[in-house]
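Peer 1: Quick one, what's the 3D model for this:
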Amino acid sequence: MDTVPEPVKIKLLRLKEGVATLKDFRVPFSLIFGTPRDTLLVEGVYDMKSESGREFRQIMMAPIQSTGPLQEYQVIHN
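Peer 2: Model prediction:
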């Protein structure tokens, strides 16, 4: 994640597929990412780059309630 003052490494934990309706042209889905609990990101729009170098721009991400060692974040694609 491109954050200030330095980038933050996040991990893709899971993909959750939604249910398509007749009017949908694709199946909605959400991506769940995680960071260690001591690394918290606020809800907002982020640019990110994968380990392979692929860039993703203007991704809306929000923290969600989570238990365990990681803070989880959700990215929804409708």
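
Peer 1: drop to CA atoms for contacts and neighbour counts, all remaining ones
Peer 2: Noted.

Peer 1: for the protein, which spans come out with low pLDDT?
Peer 2: When residues are selected by pLDDT under 70, those of the chain lie in 24.

Peer 1: what are the ranges of the strands in it?
Peer 2: Using DSSP state E, the strands of the chain run over 11-17, 29-36, 44-49, 55-64, 70-77.

Peer 1: For the fourth one, name the packing helices and strands.
Peer 2: By that I understand strand 55-64. Strand 55-64 sits against strand 44-49, strand 70-77, with contacts defined as 3 or more CA pairs under 8 Å, 6 or more residues apart in numbering; DSSP states H and E.

Peer 1: next one: the last one
Peer 2: Under the contact criterion of 3+ CA pairs under 8 Å, 6+ apart, the helices and strands touching strand 70-77 comprise strand 29-36, strand 55-64.

Peer 1: how does it look with 10 Å?
Peer 2: Contacts defined by 3 or more CA pairs under 10 Å, 6 or more residues apart in numbering; DSSP states H and E place strand 70-77 against strand 11-17, strand 29-36, strand 55-64.
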